[in-house]
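Engineer: What follows is a predicted structure for the sequence shown.
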Amino acid sequence: MDSRPLRSVLYMPASNARAMAKARMLDCDAVALDLEDAVAPEAKADARTALVAEGLAGGFGHRRLIARINALATPWGHDDLMALASAPVEAVLAPKVDDAADIAALSAAMDHAGFAPDVALWVMIETPRAVLALERIAACAATTRLRGFVLGLNDLAKDSGIAQLPGRSAFVPVLTMAVLAARAHGLLILDGVCNAIEDQALLEAECQQARDSGFDGKTLIHPAQLDLCNRVFSPSLSEIGQAQAIVAAFADPANAGKGALRVDGKMAELLHLAQAERLLAKAEAIAQR
C-alpha cells in the first residue's frame, strides 16, 4: 500500500498555464489537472495538449500528478485518454460513472490507450446511480485499474435535489457508505470540495467531518485552503504521543504475549496497536515529505 500522504488534492484547470506552473510550488500532496468542469468546450483540445506538456516538463516534486478527464460519453473523453497515456500521471480521475460497467469500460480504454500498468483509475462518485451502486463499483478494484473514489457532492446535489447545508447532514449516509465501500475493497477515498473559498470555519468543519468519517483527504479548489486541510488531516502531537505510548507498551518485554493492556488509563488491544502503527507511519511519511 502507498504510504505517501494524500491529505490535500488541489484542482487546477489545465487551460490555465499560470495555475499549472504555480502548482509546482504549493504545499499540496497531489495536483489534479482538470480537463472537465474547469475547461470550456472550445478550450478542451488546447488544455489537453497543455496538460501533457506540463506533465512531461516535470518539476512537481513530491506532488502526485492526477489528470481529470472528460467522461467517455462526451466528445473529448477518449481523446483525453489517448493523449494522456504519454504523460507521467499517477492516476486518471474519471467523472460521471454510474455503475460497474463504466469502470470496466474506463479501465479497458486505459489499457487500449497504452497507459503503464501502474497508472491508477480514480472515479468521481457524483451521481445518484453511482451512490446506489457503491459496493458493486468498489468491487471492480479486483479486476480493473480502479484504486480510488473521489466524492463530487456538487453534481450529486444538483442531480438529487439534496441541499448542501453547513454540516452536510443530509449527505452523511453517502459519506459513510462511500467510505465503507472503499475500505472493503482497498480503495483510497477523498472528500469533495468546499465551495466557500474564504470561509475557513466551514472548510475546517468539512475537513474534520471527513477525517472523522474515515476519508484519506479532501479535494480543494483554491490554494488558500491548503494549510488548513493539511493540518486537519495530519496526526496531532497528542495523537502521536498516544500512539507511541501504545506501541511502546506492547513492545515492553514485560507485556509479551498479552492481547490487552492498560495504557494511560485506557484499554489498548491489538487492534489499537495496529491503528497506532498506521498513525505513526502516516506521521513519518508526512515528516519525510
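Structural biologist: The structure has been received and is ready for your questions.
Engineer: what sits against residue 72?
Structural biologist: Counting by C-beta atoms under 8 Å, 6 or more residues apart in numbering, residue 72 touches 78, 81, 94, 102, 105-106, 109. (Each C-beta comes from the backbone N, C-alpha and C, glycine too.)
Engineer: quick one: it from residue 138, how far?
Structural biologist: 20 Å (C-beta to C-beta, to the nearest Å).
Engineer: same check, this time on residue 74
Structural biologist: Residue 74 is 24 Å from residue 138, by C-beta to C-beta.
Engineer: do the same with residue 204
Structural biologist: From residue 204 to residue 138 the distance is 29 Å (C-beta to C-beta).
Engineer: So what's the residue count around residue 16?
Structural biologist: 18 (other C-beta atoms under 10 Å).
Engineer: Can you pick out the residue with more neighbours from residue 204 and residue 138?
Structural biologist: residue 138 (25 against 16).
Engineer: ok, residue 278 - how many residues close by?
Structural biologist: Residue 278: 14 surrounding residues under other C-beta under 10 Å.
Engineer: Could I get the buried residue list for the helix or strand it falls within?
Structural biologist: For residue 278, the host element (DSSP states H and E) is helix 270-288. For helix 270-288, burial by neighbour count (16 or more other C-beta atoms under 10 Å) applies to 272-273, 276, 279-280, 282-283, 286.
Engineer: For that helix, output the C-alpha coordinates as CSV.
Structural biologist: Extracted in CSV, the C-alpha atoms of helix 270-288 (Å, rounded to 0.1, in the frame of the first residue of the first chain):
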residue,chain,number,x,y,z
LEU,A,270,-4.0,-5.5,19.4
LEU,A,271,-6.4,-3.6,17.1
HIS,A,272,-5.4,-0.4,18.8
LEU,A,273,-1.8,-1.3,18.3
ALA,A,274,-2.4,-1.7,14.5
GLN,A,275,-4.2,1.7,14.5
ALA,A,276,-1.3,3.3,16.4
GLU,A,277,1.3,1.8,14.0
ARG,A,278,-0.7,3.2,11.0
LEU,A,279,-0.9,6.6,12.6
LEU,A,280,2.8,6.7,13.3
ALA,A,281,3.6,5.6,9.7
LYS,A,282,1.4,8.4,8.4
ALA,A,283,3.1,10.9,10.6
GLU,A,284,6.5,9.7,9.5
ALA,A,285,5.5,9.9,5.8
ILE,A,286,4.4,13.5,6.3
ALA,A,287,7.6,14.4,8.1
GLN,A,288,9.7,12.8,5.3
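Engineer: what does it rub up against?
Structural biologist: With C-beta under 8 Å, 6+ apart, helix 270-288 has contacts from 3-5, 7, 234-235, 239-240, 242-244, 246-247, 250, 259-260, 268.
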